[in-house]
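Trainee: Got a predicted model here, sequence first, then my questions.
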Amino acid sequence: MPKRLPKKTPSRRRAQADGPAPRSVRPAAKLERLKKIVARCGGALVAFSGGVDSTFLLSVAKEVLGEKLLAVTVAFPAVPAAEVRAAKALARSLKVRHLVVRADEVIGMERFQANPPDRCYHCKTAILSKLTLIAQSLGFPCILEASNKDDVRDYRPGHRAVKELGAKSPLIEAGLTKADIRDLSKKRGLPTWNKPSAACLASRIPYGETITREKLGRIEKGEAWLASLGFGTVRLRHHGALVRIEVPGDEIARLASGALRSKVVAKMKALGFRYVTFDLEGFRSGSMNEALPAAGRTRAARKHP
């Protein structure tokens, strides 16, 4: 495993001035706090997925650090190819140096394939280890990742890897929520301000069910097809021979309408599913976590803040 990036020890006064933002702070003030946090790095590698949060972070980092910046996108079968293409286009539009690195070895990791509840920890450890080696070889003192303040309320075992490998989460430190980031992204003219939230394709597979390239490919194709029909937010939850489709509640009626329903069923069966279901609760982020005991999720959140 690569060496953990060294931490800079701020003075007590700076720590007090730049500590986590209270909830009452306006987004504009949080943005200024974010700029100060990023500026202290002097140069940074940004883990860049092309999503709402990482695009906003990269935009701010470009403004603050200029050319002392590198965006790195990690590509492997759990990341839709369309997201990698979008990340390339966004990096070009922001005029930021951009590197796409493959991490196909993650799929072969036993702790990833077995899909335990802390799968994200093992995946993120492998990915951040790769980014750490790149940062060290190119002389970047900081790795910035784009978790936001809302993420700390959910079960996110990957946060432990962030802390262990010394990466920084400046959006959390600045107190920026998803709503703040969308608002500020819109004001900055970023095309991702209203982009639907995305997540690793492995999050569509129930804990304990083996993750394979075939399953990930089936999910990617199915979600891309539904998106082409105008469903902006969609999840294909892969339960063996059964697929559970999640769309926002106000789009369920359209999904289940006669002609479209038949079309969806035919497409899902062509992808290899035997049974096709629509989740009447609608889309909710991290719905697979509902299968975990509530006490376990709470303990995990406290352990991996």
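Mentor: Perfect, thanks for sending it.

Trainee: make it CA atoms for all contacts and neighbour counts henceforth
Mentor: OK.

Trainee: does E281 sit in a helix or strand, and which one?
Mentor: Under the criterion DSSP states H and E, no helix or strand holds E281.

Trainee: Now it. Nearest residue, chain neighbours left out?
Mentor: G249 (6.8 Å; C-alpha to C-alpha, 6 or more residues apart in numbering).

Trainee: now swap in G42 and tell me
Mentor: Leaving aside its sequence neighbours, G42 sits nearest to L65 (C-alpha to C-alpha, 6+ apart; 6.7 Å).

Trainee: wait, the one you found sits on K36?
Mentor: No. Using C-alpha atoms under 8 Å, L65 makes no contact with K36, being 10.8 Å away.

Trainee: More neighbours: those two, which one.
Mentor: Shown here are L65 and K36; by other C-alpha atoms under 10 Å, L65 has more neighbours (18 against 15).

Trainee: pLDDT score for that one?
Mentor: At L65, the pLDDT value in this model is 98.

Trainee: quick one: contacts for it?
Mentor: V38, A39, G42, G43, A44 (C-alpha atoms under 8 Å, 6 or more residues apart in numbering).

Trainee: In this protein, spot the helix with the most residues.
Mentor: helix 119-138 (DSSP state H).

Trainee: What lies in contact with that helix?
Mentor: By C-alpha under 8 Å, 6+ apart, helix 119-138 touches 1-5, 44-45, 47, 72, 74, 103, 106, 111-112, 141-143, 156-162, 165, 167.

Trainee: Next step: those residues restricted to helices.
Mentor: Of these, the ones assigned to helices by DSSP H are R111, F112, G158, H159, R160, A161, V162.

Trainee: Tell me the first helix or strand C-terminal of the worst-scoring helix or strand of the chain on mean pLDDT.
Mentor: Sorting the helices and strands of the chain by mean pLDDT, DSSP states H and E puts helix 12-17 at the bottom, at a mean of 40. Next helix or strand after helix 12-17 toward the C-terminus (DSSP H and E): helix 27-39.

Trainee: Buried residues in that following helix, which are they?
Mentor: P27, K30, L31, R33, L34, K35, I37, V38, A39 (16 or more other C-alpha atoms under 10 Å).

Trainee: Which strand or helix spans the nearest residue to the first one once chain neighbours are set aside?
Mentor: Counting by C-alpha to C-alpha, 6+ apart, the nearest residue to P27 once its immediate chain neighbours are dropped is D180, at 5.6 Å. Taking DSSP H and E as the definition, D180 sits inside helix 178-187.

Trainee: helices or strands next to that helix in the packing?
Mentor: On a contact count with 3 or more C-alpha pairs under 8 Å, 6 or more residues apart in numbering; DSSP states H and E, helix 178-187 meets helix 27-39, helix 52-65.

Trainee: would you list those in JSON lines and tack on distance to C200?
Mentor: Listed next are those as JSON lines, based on distance: least, C-alpha to C-alpha, whole Å:
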{"stretch": "helix 27-39", "distance to C200": "26"}
{"stretch": "helix 52-65", "distance to C200": "14"}
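
Trainee: Nearest to Y275, out of those helices?
Mentor: Nearest to Y275, of all the helices and strands packed on helix 178-187, is helix 52-65, at 33.3 Å by C-alpha to C-alpha.

Trainee: Relative to the whole chain's centre, how far out is the closest one?
Mentor: 15 Å (C-alpha atoms, centre = their mean, to the nearest Å).

Trainee: Return the angle between stretch directions for it and helix 27-39.
Mentor: 60 degrees (axes from the mean of the first three to the mean of the last three C-alpha atoms, to 10 degrees).
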